[in-house]
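Engineer: Kindly generate the corresponding structure for this input.
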Amino acid sequence: MKIHHVVITAMSMLLVAAPTAEARNQPCSGKKGGIKACTKDGKFLCRNGTTSASKRKCTRD
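Structural biologist: Modelled structure (predicted):
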């Protein structure tokens, strides 16, 4: 029964940590409001009007 509790605790911790890690890897996250567009030079334009400092490149469609 003790192992059952350890497994449940470990799985719960993984489920809580996953969205946090994903949020950190998104350009224009948080107060920037998300991605609005892609600039000519492949940078992310955020909804608040700023350009993301992300090193990732985007493609214009």
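
Engineer: Let me know the helix or strand that Leu45 is in.
Structural biologist: strand 44-46 (DSSP states H and E).

Engineer: Packing partners of that strand?
Structural biologist: strand 35-38 (3 or more C-beta pairs under 8 Å, 6 or more residues apart in numbering; DSSP states H and E). Using the backbone N, CA and C atoms, a C-beta is placed for each residue, glycine as well.

Engineer: Any buried residues in the strand it packs on, and which?
Structural biologist: Neighbour-count burial for strand 35-38, counted by 16 or more other C-beta atoms under 10 Å, picks out Ile35.

Engineer: Please apply the same query to stretch 46-61.
Structural biologist: In stretch 46-61, counting by 16+ other C-beta under 10 Å, buried: Cys46, Ser52, Ser54, Cys58.

Engineer: If we only consider those residues, which is nearest to Ile3?
Structural biologist: Ser54 (41.8 Å; C-beta to C-beta).

Engineer: how near is the closest one to Ser29?
Structural biologist: Using C-beta to C-beta, to the nearest Å, Ser54 is found at 10 Å from Ser29.
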